[in-house]
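Peer 1: Generate a structure from the sequence data that follows.
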Amino acid sequence: MQREKLGSRLGFILLSAGCAIGIGNVWKFPYMVGQYGGGAFVLIYVLFLAILGVPVLTMEFAMGRAGQKSPVMIYRQLEKKGSKWHLHGYVALIGNYLLLMFYTSVAGWLMQYFVKTAGGAFAGRDTAGIRQIYEEMLTKPGTMLIYVAVSVLIALLVCSAGLEQGLERITKWMMTALLGIMVVLAVNSVFMEGSAAGLKFYLLPDFDRMAEVGLGNIIVGAMNQAFFTLSIGMGSMAIFGSYIGKERTLLGEAVNVAALDTFVAFASGLIIFPACLAYGVQVDSGKSLIFITLPNIFNHIPLGRVWGSLFFVFMSFAALTTVLGVFENLVSCTMDLFGWGRKKACVLNGIALSVLSVPCVLGFNLWSGFEPLGQGSNVMDLEDFLVSNLLLPLGSLVFVLFCTTRYGWGWDNFVREANEGKGLCVAKWMRGYMTFVLPVILFVIFLVGILG
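Peer 2: Numbers count the residues shown, from 1 in each chain. I've put the predicted structure just below:
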């Protein structure tokens, strides 16, 4: 069977960026910028994105394009006979299931919040009232499961329509809308009365704040965020490499995807900080920022229900583009493993994912007594820990070793594939860094994630 191909370079970039762009861009990056020294942190983050995220992303793209298979089968196409690298393909497949087992819940929350915001559920509520709505949402497994099913059904329908006519076409539309809405929201926040304090806090380097936090903590924070923001390590990006031609070099494409991902993260701060500081609201990180702090802000500003509805549409698109990208990965893997057609693979993965998503939903209510990572933790925390702290860093380490050592695919093969076409090339001087330094950084990230 001939491998499906994407219809355009823009589709490839938007698909890859859409898979990478997620809720972490919005509820973690702006907060880290604000707490770790403003503009100075952004520079450190961009540095680590360039020396850490982009090289691994290039390797995933190269393996996908050379192997012309899904992540679960790529190694079998590229590894030396008798080697065991292909075992990581199965681990990557498990990781993609694990990710969607909790990400479908998050996508469901965001869609619920759009409905609630548009319907006026938050109107006139103070912070305590908004928190109560959020907590009540988590106590209703039936409603949560309906929204999880909606997110899975969207992925099933889009991916079953085909790569170019389904996934690429819908993701292009979603990403264009996402970027447009972000610009509108950012402009509104920047020109809001009292926004200057928020912009100063967000953008200007604050060396006193950096000294207070500690340079070591800032470097580790920037390194972790630069690594995790691109969703590298589980083959989520390799799949898109297998869908493109040889016209463009892959380092240049990795830079484009990283730049788009960073733009969304940076623009999120332009939306959040001016509004929060204009109304004297404390900026939190994590779920409380999105589901409690921001609805409170939208209650204060003129046309707040409109801006709030737009914000949660944007957030829903950010989550759904990730769900679509990872679901495509699962579909492609099962098509390669079992020889299924696309529609059959979509339906069976949709059913499996609907069932596998249940524990995450129940972890907030009926199974709330199960605290796998200590007091206050839940099923989602466990699934997120396994993906973010184990499978992504260790998977990236495997990709790097496979592409740079003679025991795997090897440096020459990797560079030949990555540099084919027009654009930015992997240079000879990069070999020492990618072979010896990059694996050490990835191992440090893994240790920090486990021990920290």
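Peer 1: count of neighbours near Phe317?
Peer 2: Here the neighbour count serves as a burial measure; for Phe317 (other C-beta atoms under 10 Å) it reads 24. In short, each C-beta sits where N, CA and C put it, glycine included.
Peer 1: Report the separation between it and Thr117.
Peer 2: Between Phe317 and Thr117 the distance, using C-beta to C-beta, to the nearest Å, works out to 15 Å.
Peer 1: do the same with Ala352
Peer 2: Noted for Ala352: a distance of 32 Å to Thr117, by C-beta to C-beta.
Peer 1: and these two? which has more neighbours close in?
Peer 2: Using other C-beta under 10 Å as the criterion, Ala352 and Thr117 rank with Thr117 on top: 24 against 15.
Peer 1: I'd like to check which residues are in contact with the nearest residue to the more buried one once chain neighbours are set aside.
Peer 2: Among residues not flanking Thr117 along the chain, Gly308 sits closest, at 4.3 Å (C-beta to C-beta, 6 or more residues apart in numbering). Listed by C-beta atoms under 8 Å, 6 or more residues apart in numbering, the contact partners of Gly308 are Thr117, Phe122, Leu294, Pro295, Phe298.
Peer 1: Let's see that with 7 Å instead.
Peer 2: Contacts for Gly308 were tallied using C-beta atoms under 7 Å, 6 or more residues apart in numbering; they are Thr117, Pro295, Phe298.
Peer 1: Same check on Glu4?
Peer 2: Here Glu4 is in contact with Leu163, Tyr243 (criterion: C-beta under 7 Å, 6+ apart).
Peer 1: Three-state assignment for it, please.
Peer 2: Going by DSSP: H, G, I helix; E, B strand; the rest coil, the secondary structure assigned to Glu4 is coil.
Peer 1: pLDDT below threshold where in this structure?
Peer 2: Applying pLDDT under 70 to the chain flags residues 1, 285, 452.
Peer 1: longest helix in it, by residue count?
Peer 2: Of all the segments assigned as helix in the chain under DSSP state H, the longest by residue count is helix 304-338.
Peer 1: how about it: buried residues?
Peer 2: Applying a neighbour-count criterion of 16 or more other C-beta atoms under 10 Å, the buried positions in helix 304-338 are 304-305, 307-336.
Peer 1: got it, and stretch 211-231?
Peer 2: 213, 218, 220-231.
Peer 1: Looking at those residues, which one is closest to Ser388?
Peer 2: In terms of C-beta to C-beta, no member of those lies closer to Ser388 than Phe228, at 6.1 Å.
Peer 1: wait, isn't the closest one in contact with Ser388?
Peer 2: Yes. Shown here, Phe228 and Ser388 form a contact pair, counting by C-beta atoms under 7 Å, at 6.1 Å.
Peer 1: Please enumerate the helices of the stretch 1-150 of the chain.
Peer 2: In the stretch 1-150 of the chain, helices defined by DSSP state H, counting those that start in this stretch lie at 9-20, 23-27, 29-35, 39-48, 54-67, 71-78, 87-118, 127-138, 141-160, listed in chain order.
Peer 1: for the ones you listed, which one ends up most surrounded?
Peer 2: With neighbours taken as mean count of other C-beta atoms under 10 Å, these reach their highest mean count in helix 54-67, at a mean of 26.
Peer 1: from the middle of its chain, how far away would stretch 284-291 be?
Peer 2: Distance of stretch 284-291 from its chain centroid, counting by C-alpha atoms, centre = their mean, to the nearest Å, is 17 Å.
Peer 1: which residues touch it?
Peer 2: Residues from elsewhere that reach stretch 284-291 (C-beta under 7 Å, 6+ apart): Val26, Trp27, Lys28, Tyr31, Tyr113, Tyr134, Val283, Thr293, Met315.
Peer 1: Quick one: residues contacting Gly39.
Peer 2: Under the criterion of C-beta under 7 Å, 6+ apart, the contact list for Gly39 reads Leu203, Leu204, Pro205.
Peer 1: Check the gap between the second one and Gly34 for me.
Peer 2: Between Leu204 and Gly34 the computed distance is 11 Å (C-beta to C-beta).
Peer 1: Check Lys422 too.
Peer 2: In terms of C-beta to C-beta, Lys422 sits 39 Å off from Gly34.
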